[in-house]
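Asks: got a structure for you, letters missing:
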């Protein structure tokens with residue numbers, strides 16, 4: 001199925017969870033260390049506690065945000 005990740009079209013398998021998607025795209029490297037990152041699907045923030053069972057659907061738009069510190 002086709003989904004959009006940060007405005008880039010990607011093909012993923014049916015039943016892919018948000019965690020699997022982010023790991024597969026190397027957006028995250030460890031599902032146990034999610035500090036400083038947030039994800040929204042179709043403009044709605046998905047709680048990190050839900051990522052492991054939140055299934056991505058055909059046509060979903062996923063936006064990933066990471067915290068940056070600086071001055």
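Replies: On my side now, so go ahead. All values derive from a computational prediction rather than experimental measurement.
Asks: next, give phi and psi for residue 9.
Replies: In terms of degrees, to the nearest 10, the main-chain angles of residue 9 are phi -70, psi 130.
Asks: what's opposite it in the beta bridge?
Replies: Beta-bridge partners recorded for residue 9 (DSSP bridges): residue 4.
Asks: pretty sure it contacts residue 1?
Replies: No - in this structure residue 9 lies outside contact range of residue 1 using CB atoms under 8 Å: 10.8 Å. Every residue, glycine included, has its C-beta placed from N, CA and C.
Asks: who has more neighbours, the two?
Replies: residue 1 (14 against 8; other CB atoms under 10 Å).
Asks: shouldn't that one be in contact with residue 10?
Replies: No - with contacts counted by CB under 8 Å, residue 1 stays clear of residue 10, the gap being 9.5 Å.
Asks: mind listing the strands for this structure?
Replies: Counting by DSSP state E, the chain has these strands, from start to end: 2-5, 8-11, 37-41, 44-46, 61-66.
Asks: any chance of TSV for those, columns distance to residue 24 and mean pLDDT?
Replies: Shown next, in TSV, are the strands of the chain (distance: least, CB to CB, whole Å; pLDDT from 0 to 100):
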stretch	distance to residue 24	mean pLDDT
strand 2-5	10	97
strand 8-11	9	96
strand 37-41	14	95
strand 44-46	16	97
strand 61-66	12	94
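Asks: dump these to a markdown table, plus distance to residue 53.
Replies: Output for the strands of the chain, formatted as a markdown table (distance: least, CB to CB, whole Å):
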| stretch | distance to residue 53 |
| --- | --- |
| strand 2-5 | 17 |
| strand 8-11 | 20 |
| strand 37-41 | 13 |
| strand 44-46 | 10 |
| strand 61-66 | 15 |
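Asks: among those strands, which comes closest to residue 54?
Replies: strand 44-46 (5.4 Å; CB to CB).
Asks: adjacent strands (with direction) for the closest one?
Replies: Strand 44-46 pairs in its sheet with strand 37-41 (antiparallel), by DSSP bridges.
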